[in-house]
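Undergrad: Next comes the sequence, and after it the predicted model I'd like to discuss.
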Amino acid sequence: MAYGSKNAPITMEVFSDYQCPSCGNLYEQTLKPMINDYVAVGKVYLVHRDFPLSMHKYSGDAARWAKAAAVLGHFESVEAALYDNQNFWATDGDIAKYIAAAVSPADFKRIEALVKGCEGPAIQAKSDRSSPLPPDAHPCALDTYIADDIQLGYKIPVQATPTYVITYKGQALPPGSGPVSWQVLKQFFDSLLSQ
Amino acid sequence: MSQSSRGRLGQILLIVGRLYLAAIFLIAGYAKIRPQLAMPWSVASIRTSLALFAMQVDSYQMLSPRAVNLLAHFLPFFELFLGLWLLSGIGLRFSSLAATLAFCGFMAAIASAYHRGLQINCGCGIGPAEQVGPGALIRDGLKFLPVALAVMIGAFLVHRRRWAANTTEPVAARPQAE
């Protein structure tokens, strides 16, 4: 799940949890302007990685909905819907309502069918960093994608969400975590691009 | 232990403490300005490192972006300056006081971030990346701050003793009037 061109000089991978308030703030205040200003013109390639935390009841379900939307090419609008309405679905878990409002009825049915194809509770990152998938599980494709992101996050290691890894011309900087304002992040990108 | 050997031991401890503090500040300052991603040393690469440090300062969410930039461009050089000042031993009372205040400031920022539930990197520049929280507070509170306090108190005591000796010596040495 990514925005922009893979050939952009800067890649920013963000490990996030749709129910985490800091991730919501990062998306609303930093990533949205970044997508408009830097991703759209090919300066930055933004990659979303799922890292649903077990402390958030509905984060795994939200990740499933977003992955299903990404498979069908609707990630951008669904991600925006999830973060824009985080305060609402985080209380009652009614994620479907906001996805339905973000895409056409036909697309919603296809996304919903993919999500319903997954059995059992949604997977989440574990505090002991063990495999997010049970050993004898037969996960759906969505859960496999999410588990891959979580395993990648364990390697970083992601200790909190959001955690971001910035790569410039193939070389990764130490991971950063927490909120960062667009003004300050933009200044860093500009200094990298001026090298 | 005689008074003179006690005094010598105190002086040695003061030197060791001073060098320890100097090393901490020099390492912390260097870590913040050294070029990232195998870039060569240049004004541009230092600017990039400072911009990266600004992101860490910003993650504390205590300052406006303008103030974040000012602090991010001032702090690493202040740390290097303080490290060199401590290393020189000149005006140790004041350099150790500055070090103590700096540690108090760092600890207050870490405690504030932890209290507000921020899960961010400390950005301290010493050792591996560490999250703000009890670990970083214990490190600063047990390993750094007590040394800075001890050096500061020692430096003030030495200064007072020297000052007392200087003010009493001429009187004692003054020849008795006939």
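TA: Alright, I've got the coordinates.
Undergrad: does any bit of the helix ranked longest in chain B sit next to chain A?
TA: Assignment by DSSP state H gives helix B:3-33 as the longest helix of chain B. No. Helix B:3-33 does not reach chain A (CB under 8 Å from any CB of the partner chain); its nearest approach is 10.7 Å. (C-beta placed from N, C-alpha, C; glycine too.)
Undergrad: Packing partners of that helix?
TA: helix B:43-58, helix B:65-88, helix B:92-115, helix B:145-173 (3 or more CB pairs under 8 Å, 6 or more residues apart in numbering or on different chains; DSSP states H and E).
Undergrad: State the helix or strand in which the spatially most central residue of chain A lies.
TA: In chain A, the centroid-proximal residue (CA atoms, centre = their mean) is A:His48; its distance is 3.9 Å. In the assignment (DSSP states H and E), A:His48 maps to strand A:44-50.
Undergrad: What is that strand packed up against?
TA: Counting by 3+ CB pairs under 8 Å, 6+ apart, strand A:44-50 packs on strand A:2-3, strand A:10-16, helix A:59-71, helix A:141-155.
Undergrad: Next, the angle from the lowest-mean-pLDDT helix or strand in chain B to helix B:92-115.
TA: In chain B, no helix or strand scores lower on mean pLDDT, DSSP states H and E than helix B:145-173, which sits at a mean of 83. Helix B:145-173 runs at 160 degrees relative to helix B:92-115, counting by axes from the mean of the first three to the mean of the last three CA atoms, to 10 degrees.
Undergrad: gap between helix B:145-173 and the chain center?
TA: 21 Å (CA atoms, centre = their mean, to the nearest Å).
Undergrad: Number of residues surrounding A:Tyr168?
TA: 20 (other CB atoms under 10 Å in any protein chain shown).
Undergrad: again with B:Pro40
TA: For B:Pro40, using other CB under 10 Å, the count is 8.
Undergrad: Next, find the distance separating it from A:Gln195.
TA: Noted for B:Pro40: a distance of 10 Å to A:Gln195, by CB to CB, to the nearest Å.
Undergrad: What of B:Leu92?
TA: From B:Leu92 to A:Gln195 the distance is 41 Å (CB to CB).
Undergrad: Who has more neighbours out of the two?
TA: B:Leu92 (24 against 16).
Undergrad: residues contacting the more buried one?
TA: Residues in contact with B:Leu92 (CB atoms under 8 Å, 6 or more residues apart in numbering or on different chains) are B:14, B:18, B:86, B:151, B:155.
Undergrad: give me that answer again for 6 Å
TA: Contact partners of B:Leu92, counting by CB atoms under 6 Å, 6 or more residues apart in numbering or on different chains, are B:Ala155.
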